[in-house]
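Student: can you look at this prediction? I've put the sequence above it.
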Amino acid sequence: MLIETKAIVIKNIKYGDYSIISRCFTLAHGLQSFMLKGILKRKKSGIKRSQFQTLTQLSIIYNFTNKKKLKFIKQAKVINTYTTIQNDIVKNTIILFLSEILNEVIKTEAHTPSLYLFIETSLNWLDAKKKVKNFHIIFLIKLIKFLGFFPNINSNGIYFDLEKGSFSNHKTSILEYDVDTIIIFKKILGMNFEQGETIDINRNSKNKILEILIKYFEIHHHGFKTPKSLRILNELFDNP
């Protein structure tokens, strides 16, 4: 059965000398893996390698069947073309970071269309805006809502319990954070992207908040691994 749907490229894996397996998050059927035969040597017609850059948004037509893990794309075209991401080193690094995160958390076909629409909207916002210093932090927080383990923002305290996802006045975590960091962390839990850019978070607190979020993912999402690009991302925002 031929299916036409939107898709976001999550990760590409080289297969042989000239082919890749592309893991894409589709609006119609969640996560799907596609075999792109000969795409690394193809230069003229057909599906092109440039269409499958990380987190590119596509409209694809493919033959859907539950019997095969690897599908084949018949047609692909780029939609919502980015105008700033590819030439902006900060945004490009954010894209790399987000792709690693999404590759870790999107594991099955069961994710809802609302998650797809959130990712699509977020990427378009990132491409359109100049100020994106806190975008990746807000993205992670919003992503947690879709994964089902959002922290209890109605709890109070100077400590954050990573296992329970709540704030308290009793130290329960192996990780220690200063009170100012926890205050900022709780504050941004309820922010959207626009609001996130209005708050100034110093270098130390930003790195600590990212550490909290990554550790929180590790505890609540089985098999989650720290993105390799996290160090590069921290260096880019490593300004007083």
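Tutor: Sure thing, it's come through.

Student: gap between the most centrally placed residue in the chain and residue 214?
Tutor: Nearest residue to the geometric centre of the chain (CA atoms, centre = their mean): residue 98, 3.3 Å. Residue 98 sits 13 Å away from residue 214, going by CB to CB, to the nearest Å. Where you see a C-beta, it was placed from the backbone N, CA and C, and this is true even at glycine.

Student: hey, which helix or strand in this protein has the poorest pLDDT?
Tutor: helix 230-236 (a mean of 85; mean pLDDT, DSSP states H and E).

Student: how far off centre is that one?
Tutor: Its chain's C-alpha centre and that of helix 230-236 lie 15 Å apart, by CA atoms, centre = their mean, to the nearest Å.

Student: contact partners of that helix?
Tutor: The contact list for helix 230-236 (CB atoms under 8 Å, 6 or more residues apart in numbering) reads 89, 90, 93, 94, 96, 97, 136, 207, 210, 214.

Student: 6 Å instead, please
Tutor: Outside helix 230-236, the residues that touch it by CB atoms under 6 Å, 6 or more residues apart in numbering are 90, 93, 97, 207.

Student: same thing with stretch 13-25?
Tutor: Here stretch 13-25 has contacts from 7-12, 31-41, 52, 106, using CB under 6 Å, 6+ apart.

Student: each with direction, which strands does the lengthiest strand in the chain pair with?
Tutor: Assignment by DSSP state E gives strand 2-15 as the longest strand of the chain. Using DSSP bridges, strand 2-15 pairs in its sheet with strand 19-26 (antiparallel), strand 57-63 (antiparallel).

Student: now those strands as a markdown table including distance to residue 155, mean neighbour count and mean pLDDT?
Tutor: Shown next, in a markdown table, are those (distance: least, CB to CB, whole Å; neighbours: other CB atoms under 10 Å; pLDDT from 0 to 100):
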| stretch | distance to residue 155 | mean neighbour count | mean pLDDT |
| --- | --- | --- | --- |
| strand 19-26 | 32 | 21 | 96 |
| strand 57-63 | 37 | 18 | 95 |
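
Student: switch these over to TSV; also include distance to residue 83.
Tutor: Output for those, formatted as TSV (distance: least, CB to CB, whole Å):
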stretch	distance to residue 83
strand 19-26	22
strand 57-63	13
